[in-house]
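Trainee: Prediction below, plus the sequence it came from.
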Amino acid sequence: MINQLYNTSLSLLTDLYQLTMAYGYWKAGKAEQEAVFNLYFRKHPFQGGFTIACGLSSVVDYLSEYRFSEEDLAYVGSITGNDGEKLFEPGFLDYLKNIEFACSIDAIPEGTTVFPNEPLLRIQGPILQCQLLETPLLNLINFQSLIATKAARMRLVAKDDTLLEFGLRRAQGPDGGVTASRAAYIGGFDATSNVLAGKLYDIPVKGTHAHSWVMSFNSELESFETYAQYMPNNVTLLVDTYDSLNGVRHAIKVGNLLRERGYDLGGIRLDSGDLAYLSIEARKLLDDAGFEKTNIVASNDLDEHIMDSLKIQGAKINVWGIGTKLVTAYDQPALGGVYKLAAIRSESGEWDYKLKLSEQAIKVSTPGIQQVRRFKDTKGFVSDMIFNIETPATGKATMVDPYDFTRNRSFSESTSFEDLLVPIFVKGYLVYKMPSVHETRDRVQEQLSNFHKGIKRFVNPHTYPVGLEKGLFDMKTSLILKLRAANES
Ligand SMILES: Nc1ncnc2c1ncn2[C@@H]1O[C@H](COP(=O)(O)OP(=O)(O)OP(=O)(O)O)[C@@H](O)[C@H]1O
Ligand SMILES: O=P(O)(O)OC[C@H]1O[C@H](OP(=O)(O)OP(=O)(O)O)[C@H](O)[C@@H]1O
Ligand SMILES: O=C(O)c1cccnc1
């Protein structure tokens with residue numbers, strides 16, 4: 001079943017309602033009408049002050065193979081409605097068969113720090129294609145951005161310590177495990193225990209051993225000696241099977257044997273008990289025996305908050321093994337990214353801007369062909385302005401807080417900036433060279449270092465200013481008024 005999952009075409013990795021809408025567009029003769037959608041989220045995960053964009057590489061892979069196979073079409077053709085009759089006409093299946101991906105996509109590169117309401121992806125093309133892509137694009141970006149963000153939070157606490165991702169066994173299925181390993185690496189982890197992710201994504205793989213190894217021998221010491229004998233260049237010994245500090249003493253004995261053979265004791269791993277107390281005592285034992293360089297690895301349901309607490313308690317842990325709470329994003333298992341229609345090309349060739357109303361201001365979508373301009377000064381990034389590329393500000397740019405129009409900021413023409421969205425596909429052709437996973441990982445740290453530390457704290461983080469360019473704000477406001485008036489009567 002699992003092999004079958006990964007050998008299949010993934011065009012049907014969408015919700016049925018995307019296909020029914022696509023059918024409707026096709027029947028109404030609107031399939032090729034040009035549309036623009038934005039993919040964005042409304043709130044940072046983990047009550048944090050930043051999010052890391054991740055998943056674009058999977059989007060590129062997905063779209064590079066985008067086509068409906070004969071099997072896909074046979075299945076779609078077999079879907080029935082409430083009356084048991086086929087939902088889709090053969091002519092529509094032929095249309096799907098001949099689909100060639102023809103959209104243009106602009107996106108914020110993976111590894112960039114992003115904020116609510118900023119389009120991570122902008123998709124422009126035939127409305128039928130844009131519609132079919134809503135679900136897979138959200139699936140790919142939401143989860144990976146969530147995990148990269150969680151990992152980046154752990155990196156902030158770990159500082160220069162080593163972070164190992166151990167999550168595969170607790171992950172949300174095979175793909176949840178493999179993509180989480182990649183996103184965790186991008187977010188700042190150093191290695192994963194997930195061998196398939198290592199092979200697929202060129203991520204370093206690392207690991208220790210389990211309790212079962214120790215339990216399979218008559219004594220802990222014998223298990224350590226045997227491990228060291230066969231893998232002298234990879235010895236990190238799990239010491240807590242029976243008694244952690246006694247385990248450390250056994251590890252030191254094995255360390256001395258290793259030294260006689262020209263090797264060294266790489267580390268010990270603590271996996272239960274009071275990790276602050278045990279790591280401090282273990283450090284003393286190791287140092288007193290001359291093993292100052294031996295690592296102390298800790299694992300056991302860790303997250304950024306426990307790590308923080310352990311650091312405050314003076315724990316002597318310098319390698320952190322983290323699984324469940326990272327790869328399942330335990331305290332917030334989903335990023336609420338959405339995909340909203342922002343414009344449709346009218347018959348006269350003009351853009352007809354679109355907006356979704358809501359009772360809640362935060363849920364009113366923003367129209368326009370959006371780009372994000374990130375302004376910076378000598379100390380780093382200062383604010384982001386979302387603007388409509390069809391009506392860019394000339395001269396001084398004014399940015400309005402979308403939730404309080406009395407608050408605005410102006411930027412002179414000389415303020416330096418960077419426009420975040422870059423072309424990925426132009427009318428179906430890939431024009432973007434995907435950076436390596438290692439470059440993307442570096443980008444995360446480089447980006448974060450340019451933001452004020454207030455957005456990186458865990459408790460009541462500072463809200464980084466993101467606003468709408470005044471022209472776009474005014475256009476949105478008048479569209480809201482127009483739609484409210486039209487829907488009142
Ligand atoms: N000094 C500490 N300060 C804060 N949290 C800690 C400390 N030491 C361990 N923890 C965390 O406390 C949680 C539970 O640890 P606890 O000692 O209760 O379980 P355990 O050692 O796994 O128990 P068991 O021996 O039954 O497996 C884990 O998430 C662990 O990471
Ligand atoms: O706690 P996490 O952050 O999820 O990290 C992964 C956990 O998986 C292992 O435990 P498990 O009991 O599955 O196997 P073991 O016998 O190797 O300890 C490992 O010892 C960690 O405790
Ligand atoms: O290598 C390890 O120590 C490891 C791997 C997976 C899960 N827990 C621990």
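Mentor: In hand now; what should we look at? Ligands and ions are numbered 1, 2, ... in the order given.

Trainee: which outside residues touch stretch 261-269?
Mentor: Applying CB atoms under 8 Å, 6 or more residues apart in numbering, the external contacts of stretch 261-269 come out as 208, 228, 232-240, 247-248, 251-252, 254-255, 258-259, 282, 286, 291, 293-299, 319, 321. (Glycine included, C-beta is placed from N, CA and C.)

Trainee: out of the residues you listed, who's near ligand 2?
Mentor: Subset of those in contact with ligand 2: 299, 321, counting by CB under 6 Å from any ligand atom.

Trainee: Which of the helices or strands spans the residue positioned nearest the centre of the chain?
Mentor: The centre of the chain sits closest to Ser145, judged by CA atoms, centre = their mean, with a distance of 1.6 Å. According to DSSP states H and E, Ser145 maps onto helix 127-158.

Trainee: so where do the helices sit in the stretch 251-400 of the chain?
Mentor: Remark: helices assigned in the stretch 251-400 of the chain by DSSP state H, counting those that start in this stretch are 275-288, 304-312, 324-327.

Trainee: How far away from the center of its chain is the first one?
Mentor: Averaged C-alpha coordinates place helix 275-288 at 36 Å from its chain's average position (CA atoms, centre = their mean, to the nearest Å).

Trainee: what do you get for stretch 274-283?
Mentor: On the basis of CA atoms, centre = their mean, stretch 274-283 is displaced by 33 Å from the centre of the chain it belongs to.

Trainee: and it, does that touch ligand 1?
Mentor: Yes. Part of stretch 274-283 sits near ligand 1 under the criterion CB under 6 Å from any ligand atom, namely 274-276.

Trainee: Across the sheet, point out what pairs with Ser104.
Mentor: Gln124 (DSSP bridges).

Trainee: Just list what the very next helix or strand once past the helix holding Ser145 packs against, helices and strands only.
Mentor: As assigned by DSSP H and E, the chain's next helix or strand after helix 127-158 is strand 162-165. The contact analysis (3 or more CB pairs under 8 Å, 6 or more residues apart in numbering; DSSP states H and E) places strand 162-165 against helix 127-158, helix 173-187, strand 191-192, strand 319-322.

Trainee: Contacts only, for Asn234.
Mentor: Gly266 are the contacts of Asn234 under CB under 8 Å, 6+ apart.

Trainee: State which one residue of the stretch 1-150 of the chain is found closest to ligand 2.
Mentor: Lys150 (12.0 Å; CB to the nearest ligand atom).

Trainee: wait, that residue sits on Gly48?
Mentor: No. Contact criterion CB atoms under 8 Å: Lys150 and Gly48 do not qualify, at 9.2 Å.

Trainee: of these two, who's got more company?
Mentor: Taking other CB atoms under 10 Å, Lys150 and Gly48 do not tie; Lys150 has more neighbours (29 against 20).

Trainee: Report pLDDT for that one.
Mentor: Lys150 carries a pLDDT value of 99.

Trainee: which bits of the stretch 101-250 of the chain sit near ligand 3?
Mentor: For the stretch 101-250 of the chain, the contact set with ligand 3 under CB under 6 Å from any ligand atom comprises 166, 193, 207-208.

Trainee: Need those in TSV (columns: pLDDT).
Mentor: TSV is the format used below for these (pLDDT from 0 to 100):
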residue	pLDDT
Phe166	98
Ser193	98
Gly207	97
Thr208	98
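
Trainee: Pull the number of nearby residues for Leu430.
Mentor: Count around Leu430 with other CB under 10 Å applied: 15.

Trainee: what's it in contact with, if anything?
Mentor: 60, 64, 424.

Trainee: ok, the second one to Ser57 distance?
Mentor: Looking back up the chat, that one is Ser64. 11 Å (CB to CB, to the nearest Å).

Trainee: the more surrounded of those two?
Mentor: Between Ser64 and Ser57, counted using other CB under 10 Å, the more crowded position is Ser57 (21 against 10).

Trainee: and that one, that one's in a helix?
Mentor: Yes. Counting by DSSP: H, G, I helix; E, B strand; the rest coil, Ser57 is found in a helix.
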